[in-house]
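**Q** Fold the stuff below for me.
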Amino acid sequence: MAFLELLALTRRYAGTVAVHELSLSVERGEFVSLLGPSGCGKTTTLQMIAGFVAPSAGTIRLAGRDLSSVKANARGLGIVFQSYALFPHMTVAENVAFGLETRRIARAERTRRVARALELVRLDALGDRYPAQLSGGQRQRVALARALVIEPPVLLLDEPLSNLDAKLRDDMQGELRRIQRTVGTTTIMVTHDQAEAMALSDRVAVMHRGRLEQAGAPLEVYEHPATAFVADFLGKTNLIDGQANLGTNGTAILIAAGQRFPMLDRPAADGPVRVSLRPEKIELIPDPTAAPVDSSAITGTVRARTYGGDHWLYDVDTLLGAIRVRCATGTAAEGHRVGLRWHAGDLRIVEKHVHG
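**A** Sure, this is the predicted structure:
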């Protein structure tokens, strides 16, 4: 039995379904991110776990216990809000101790646990400061310490890094993962940031329009997206429509724009499909006339290129439509003819029976 179970969890609002029959199991100590665009239902799901929103249907179980009739303040969960919600008139130590005071923990035990929590988040020298005297990253760590000091069975994080600037957010990702691994608390995080979810999580649960599209390890979900939405939302991809024909020797053929492309991803039967091809999987050949003959090779014209620091992004007009390519060098200029090629294993079927 999983430590935390969401079983056919549903929430309706006046005819609108915010979350539809979502089922997800989380093991003890796991870090799972609910990932998706605004309005996909991820925050509503977190609020149902916390007890702030009652499910319209479905069940939430924690360590085998049904939480349906348990009030939010009796669930004992640790929560870090997007705004951090620190008390401005309390010191750092007083903020962290607040949850222990409401639970009537003895003073000596409170002092010990607050000191340990502040040491965990590397703020043990700042216990006497007030929130206004702290940086954004420090305030975020105070909120984490306050949530963890009560020793919750589950830690809920609602967009915890979204208020930080890009550099600090990158730094805090490492801090958050270090803290979670040190304590071992089962953690559910809501985020719309794909890179953040992939960097922090043991598993990613991608949501769309209230439904769970796919859940799995970040590498698995990225390399083997189950749907076109997952492929397009998690990173960047090229979606190509065509006709799949079963081949021989464990292969299949994608027929698109009159050309045949071998695939290792085999459909159950011949028929129309949509495939995903990641930009970084494509090799850009500056001189297509010098490229060896390859059944996966096509040519095109560079419409635009963008410098990204450690990479270049190319938009190339081809017989398959606009294809985005990511590569390390910027040797092809706008307007140049180039070749593109990839391996058969890089084409992933994400949708079957595509209709125009």
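
**Q** mind listing what's buried in the longest helix seen in the chain?
**A** When the chain is parsed with DSSP state H, its longest helix is helix 166-183. Residues of helix 166-183 classed as buried by neighbour count (16 or more other Cβ atoms under 10 Å): 168-169, 172-173, 175-176, 179-180, 183. Heads up, the C-betas are built off the backbone N, CA and C, glycines and all.

**Q** where in the stretch 201-350 of the chain is pLDDT low?
**A** 290-296 (pLDDT under 70).

**Q** Report the separation between the residue lying closest to E5 once chain neighbours are set aside and E94.
**A** Counting by Cβ to Cβ, 6 or more residues apart in numbering, R61 is the residue found nearest to E5 once chain neighbours are left out, at 4.3 Å. Distance, R61 to E94, by Cβ to Cβ, to the nearest Å: 35 Å.

**Q** following the host helix or strand of R112, which helix or strand shows up next?
**A** Secondary structure assignment for R112, by DSSP states H and E: helix 107-120. For helix 107-120, the succeeding helix or strand toward the C-terminus, using DSSP H and E, is helix 136-148.

**Q** sorry, back to before: quick check: the residue nearest to E5 touching A8?
**A** No - with contacts counted by Cβ atoms under 8 Å, R61 stays clear of A8, the gap being 11.9 Å.

**Q** Who has more neighbours out of these two?
**A** The residue with more neighbours, out of R61 and A8, is R61; 17 against 12, by other Cβ atoms under 10 Å.

**Q** Look at the more buried one and tell me its secondary structure.
**A** Three-state call for R61 (DSSP: H, G, I helix; E, B strand; the rest coil): strand.

**Q** okay, it: pLDDT?
**A** On pLDDT, R61 comes in at 97.

**Q** Can you get me a residue count around N73?
**A** Using other Cβ under 10 Å, N73 has 9 other residues around it.

**Q** And for it, nearest residue in space, chain neighbours not counted?
**A** Closest to N73 by Cβ to Cβ, 6+ apart is G51, at 7.8 Å.

**Q** Just give me the neighbour total for that neighbour.
**A** Residues within reach of G51, counting by other Cβ under 10 Å, total 18.

**Q** Quick check: it touching S69?
**A** No - in this structure, G51 is not within contact of S69 by Cβ under 8 Å, at 10.2 Å.

**Q** Against D310, how distant is the residue most central in space within the chain?
**A** Nearest to the mean C-alpha position of the chain, counting by Cα atoms, centre = their mean, stands A197 at 3.4 Å. According to Cβ to Cβ, A197 and D310 sit 21 Å apart.

**Q** what do you get for T45?
**A** Taking Cβ to Cβ, one finds T45 at 35 Å from D310.

**Q** what does L284 give?
**A** Noted for L284: a distance of 16 Å to D310, by Cβ to Cβ.

**Q** if you count what's nearby, which of those two comes out ahead?
**A** More neighbours surround L284 than the other of L284 and D310, with 25 against 6 (other Cβ under 10 Å).

**Q** pretty sure the more buried one belongs to a strand, no?
**A** Yes - L284: assigned to a strand according to three-state DSSP.

**Q** And the helices in this structure?
**A** According to DSSP H, the helices that the chain contains are 42-50, 92-102, 107-120, 136-148, 166-183, 194-200, 218-223, 228-233.

**Q** Buried residues, the last one. List them.
**A** Applying a neighbour-count criterion of 16+ other Cβ under 10 Å, the buried positions in helix 228-233 are 228-231, 233.

**Q** cool, the third one as well?
**A** Applying a neighbour-count criterion of 16+ other Cβ under 10 Å, the buried positions in helix 107-120 are 110, 113-114, 117-118, 120.

**Q** What is that helix packed up against?
**A** Packing partners of helix 107-120 (3 or more Cβ pairs under 8 Å, 6 or more residues apart in numbering; DSSP states H and E): helix 92-102, helix 136-148, helix 166-183.

**Q** Which other helices and strands does the last one contact?
**A** Counting contacts by 3+ Cβ pairs under 8 Å, 6+ apart, helix 166-183 packs against helix 107-120, helix 136-148, helix 194-200.

**Q** From the chain's centroid, how far away is it?
**A** Mean C-alpha position of helix 166-183 versus that of the full chain (Cα atoms, centre = their mean, to the nearest Å) differs by 15 Å.

**Q** angle of it against helix 136-148?
**A** Relative orientation of helix 166-183 versus helix 136-148 (axes from the mean of the first three to the mean of the last three Cα atoms, to 10 degrees): 20 degrees.

**Q** any residues touching helix 166-183, and which ones?
**A** The contact list for helix 166-183, computed with Cβ atoms under 8 Å, 6 or more residues apart in numbering, reads 31, 120-122, 135-137, 140-141, 144, 148, 155, 157, 160-161, 164, 187, 196, 199-200.

**Q** One more: the first one?
**A** Taking Cβ under 8 Å, 6+ apart as the criterion, the residues outside helix 92-102 that touch it are 86-87, 90, 109-110, 113-114, 117-118, 123, 126-131, 134, 142, 145-147, 149-150.

**Q** mind listing what the closest residue to T299 other than its chain neighbours touches?
**A** Distances taken as Cβ to Cβ, 6+ apart place P288 nearest to T299, at 4.7 Å, with adjacent residues excluded. With contact set as Cβ under 8 Å, 6+ apart, P288 has these partners: 297, 299, 337-339.
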